[in-house]
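K.L.:
Provide a 3D model corresponding to the input given below.
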Amino acid sequence: EKEEELREHAKVDPLLMFRTLDEYLEWDESGIPTVGAAGNVVPKNRRKKLVKEWEKQKRRHEAWLAMQQAP
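P.N.:
Prediction:
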């Protein structure tokens, strides 16, 4: 069950992963939030966490894509 959830999560493109949330108004070219819903710039500490989360998702998504292209 948890493996199925991870597979579903891996399908999400890292460019879009934060855009589906109502917590942010603006994103950089990688899709990482830069401005929160209240109009405040995302704090450096929070941004660091978001970047780590984004990188993890990018690896998962790339692995998922590779599995989809394998014969």
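K.L.:
Could I get the buried residue list for the longest helix along the chain?
P.N.:
Ranked by residue count, the top helix of the chain under DSSP state H comes out as helix 44-69. Across helix 44-69, burial judged by 16 or more other C-beta atoms under 10 Å covers 50, 54, 57-58, 60-61, 64. Backbone N, C-alpha and C define where each C-beta goes, glycine included.
K.L.:
Widest-spaced pair of the residues you listed?
P.N.:
Greatest spacing in the buried residues of helix 44-69, by C-beta to C-beta: L50 and W64 (20.5 Å).
K.L.:
sorry, back to before: show me what the longest helix of the chain is packed up against.
P.N.:
With contacts taken as 3 or more C-beta pairs under 8 Å, 6 or more residues apart in numbering; DSSP states H and E, helix 44-69 sits against helix 2-10, strand 33-36.
K.L.:
what residues does the longest one touch?
P.N.:
Outside of helix 2-10, the residues within contact range by C-beta atoms under 8 Å, 6 or more residues apart in numbering are 57, 60-61, 63-64.
K.L.:
if we can go back for a sec, could I get the helices and strands packed on helix 44-69 as a markdown table with distance to P43?
P.N.:
Compiled in a markdown table, those are given as follows (distance: least, C-beta to C-beta, whole Å):
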| stretch | distance to P43 |
| --- | --- |
| helix 2-10 | 25 |
| strand 33-36 | 9 |
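K.L.:
of all those, which lies closest to R46?
P.N.:
strand 33-36 (8.5 Å).
K.L.:
Next, report how far stretch 17-24 is displaced from the centre of its chain.
P.N.:
Mean-position distance between stretch 17-24 and its chain equals 9 Å (C-alpha atoms, centre = their mean, to the nearest Å).
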